[in-house]
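Trainee: coordinates only, no sequence provided:
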Ligand code: P53
């Protein structure tokens, strides 16, 4: 059923997340989310999480690129590129401003009605992430996020509300964005954005992560079960950050370490796809004496709420060395990462590795026997707006082309079942990791600077026309 290497009806498109582009942080009854209390960092300087919104701090997500008011024009540009799909998230705080509210906020619900209608008008299939780094700040403060079992109920109320409301508009859903990122449990940004946990005592970070992740996995499985009752045609997927882990050498110590480090990332989607914990993780949790609250009932739910597909982001591979720590002693895969001398890096130091994407497509297919969906991939780079308002981003085209060539091989030669490809940040937006505007991913340039200045005007980059051609030829011309 392939045509020029890509399947018929392949969902070409772009991906974003509500908090990174909508802005309008206080409009339409929206509550404060964790993203609203994160300041702007820079390359190598972490974002701060403040205790509420503090006067005088720079919060880039408050305005972002003002998509909330400009989405009709922006979606028109996506349609001009020929998008078949558009991945975004529903900001939890537009629907339940505090998270524990009894009643949903109608203004928030109707905003997404209009947004999805606007996509459907052009034949663009909305692909929706329920939780993409946007937990209500109230749930973070009052409940300690997903460290608390009660948060499962709040999440489920949110999920059921939007499933019911958009059951005739949205078919593809994902429960949690990059649920496996929290394997890096000492990272405050990742723990706060994934699980709504503010780290306090370093001794308990890892234990708390295993507990919170379990509650999220139960919430994810319950959402799958409830979603199917609301519309049996829903396709509800996992969403992981797929990062292949390479041994630094052919020394068996490095190879075993690479396997053990990978197990510490992969188990999240194992639970979502298989409905059970892999042995290596059960054994690890036991050995560490973490004793998370995992009930027999939870295990039934996990089995009943397995996902329909694996959505994943792909940016880079990681390389690990046993010179830093050995296989039996690692807990956080991030602690053993070393530079890979065979790979070039982006301006933000992310290794560029198109082959890793083909490897990922094969690994995930072998492991799960499920359809896959590449829901993020792209290059964060600085762009120059020329005097005649052009952006010559050949480097971005080169990056995307090389990755799509790898994808094409995985489909044609390896038989991978791939639903679609939504490139990350199809319009420039606020970087999640750094809060910068200058780390740009888009086909569409947004005139906004890191300090918040700029006209917010949109300009088409060279990559806009390149991607338009790719979609038009269904990938025959890359
Ligand atoms: P940025 C790393 C750090 C933070 C978020 O990242 C990340 C990653 C990549 O694994 O995840 C995704 O903006 C995320 C998006 C994010 C994108 O990667 O830091 O799902 O929200 O914008 C790119 O360059």
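Mentor: Okay, I see it. This one's a predicted model, so the numbers in the text were calculated from it and none came from an experiment. Numbers count the residues shown, from 1 in each chain.

Trainee: could you use CA atoms for every contact and neighbour count after this?
Mentor: OK.

Trainee: what residues does this protein have near the ligand?
Mentor: 241, 380, 431-434 (Cα under 6 Å from any ligand atom).

Trainee: looking at those, which is nearest residue 282?
Mentor: residue 241 (21.6 Å; Cα to Cα).

Trainee: residue 304: how many residues sit nearby?
Mentor: By other Cα atoms under 10 Å, the residues close to residue 304 number 16.

Trainee: ok, it - contacts?
Mentor: Contact partners of residue 304, counting by Cα atoms under 8 Å, 6 or more residues apart in numbering, are 221, 225, 275.

Trainee: is it fair to say the second one lies in a helix?
Mentor: Spelled out, it's residue 225. Yes - with DSSP: H, G, I helix; E, B strand; the rest coil as the criterion, residue 225 is located in a helix.

Trainee: against residue 393, how distant is it?
Mentor: 44 Å (Cα to Cα, to the nearest Å).

Trainee: likewise residue 256?
Mentor: From residue 256 to residue 393 the distance is 40 Å (Cα to Cα).

Trainee: how about the residue nearest to residue 438 when sequence neighbours are not counted, what does it touch?
Mentor: Spatially, and ignoring its direct neighbours in sequence, residue 438 is nearest to residue 382 (5.7 Å; Cα to Cα, 6 or more residues apart in numbering). Residues in contact with residue 382 (Cα under 8 Å, 6+ apart) are 347, 438-440.

Trainee: same thing but 10 Å
Mentor: 347-348, 393, 437-441 (Cα atoms under 10 Å, 6 or more residues apart in numbering).

Trainee: give me every residue that touches whichever residue of the stretch 251-400 of the chain sits closest to the ligand.
Mentor: Here the stretch 251-400 of the chain gets closest to the ligand at one residue, residue 380, 5.8 Å apart by Cα to the nearest ligand atom. Counting by Cα under 10 Å, 6+ apart, residue 380 makes contact with 315, 346-348, 350, 396, 424-425, 428, 431, 438-442.

Trainee: just the buried ones among the residues you listed, please.
Mentor: Listed as buried from these are 315, 350, 396, 424-425, 428, 431, 438-442; burial here means 16 or more other Cα atoms under 10 Å.

Trainee: and those residues, which of them are in strands?
Mentor: residue 424 (DSSP state E).

Trainee: now the buried ones among the contacts of residue 380 in TSV, please, with extra columns for pLDDT.
Mentor: Shown next, in TSV, are the buried ones among the contacts of residue 380 (pLDDT from 0 to 100):
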residue	pLDDT
315	98
350	98
396	98
424	98
425	98
428	99
431	98
438	98
439	98
440	98
441	98
442	98
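
Trainee: nearest to residue 464, of the buried ones among the contacts of residue 380?
Mentor: Distances from residue 464 to the buried ones among the contacts of residue 380, taken by Cα to Cα, are shortest for residue 442, at 8.4 Å.

Trainee: that closest one and residue 154, how far apart?
Mentor: 34 Å.

Trainee: the helix or strand where residue 400 lies - contacts with which helices or strands?
Mentor: Assigned by DSSP states H and E, residue 400 belongs to helix 394-412. For helix 394-412, the packing partners by 3 or more Cα pairs under 10 Å, 6 or more residues apart in numbering; DSSP states H and E come out as strand 2-3, strand 6-7, helix 354-368, strand 418-424, helix 462-472.

Trainee: so which of those gets nearest residue 190?
Mentor: Nearest to residue 190, of all those, is strand 418-424, at 18.3 Å by Cα to Cα.
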